[in-house]
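# Provided below for reference: sequence and predicted model.
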Amino acid sequence: MHPCNIPFHTNQPETLLPRKQVEELLDVSRATIYRWLRSNTAFPKQIRLNPHKKKGAVRWRLSEILAYLAANPSMP
């Protein structure tokens with residue numbers, strides 16, 4: 001999915017993307033996302049929806065993913 005196809009309005013609350021949408025937006029696998037989290041300090045950190053649980057739902061800020069794409073033009 002191209003970044004321009006995601007609705008983004010600055011006057012609305014921050015848009016949070018589930019992992020599956022991040023995979024589609026960046027055209028990468030789940031494994032790649034988690035590998036980047038471990039080794040790529042520039043890749044946006046995930047947000048745990050329940051910070052008291054080690055495992056559980058996570059999201060990424062759309063604004064941070066778009067900024068990462070802008071800073072890394074070799075990405076799809």
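The structure has been received and is ready for your questions.

# how about the strands in this protein?
With strands called from DSSP state E, the chain shows them at 16-18, 47-48, 58-61.

# Which one, of those strands, ends up nearest to Trp36?
With C-beta to C-beta as the criterion, Trp36 lies closest to strand 58-61 of these, at 11.2 Å. C-beta here means a position set from N, CA and C on the backbone, and glycine is covered the same way.

# Of the strands of the chain, which shows the lowest average pLDDT?
If the strands of the chain are sorted by mean pLDDT, strand 47-48 sits at the bottom with a mean of 92.

# looking at the strands of the chain, which is buried most?
Highest mean neighbour count among the strands of the chain (mean count of other C-beta atoms under 10 Å): strand 58-61, with a mean of 18.

# Return the list of helices and strands in contact with that one.
Under the contact definition 3 or more C-beta pairs under 8 Å, 6 or more residues apart in numbering; DSSP states H and E, strand 58-61 sits against strand 16-18, helix 19-26, strand 47-48.

# Let me have the ones you listed in TSV, adding distance to Lys54 as columns.
Shown next, in TSV, are those (distance: least, C-beta to C-beta, whole Å):
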stretch	distance to Lys54
strand 16-18	18
helix 19-26	16
strand 47-48	9
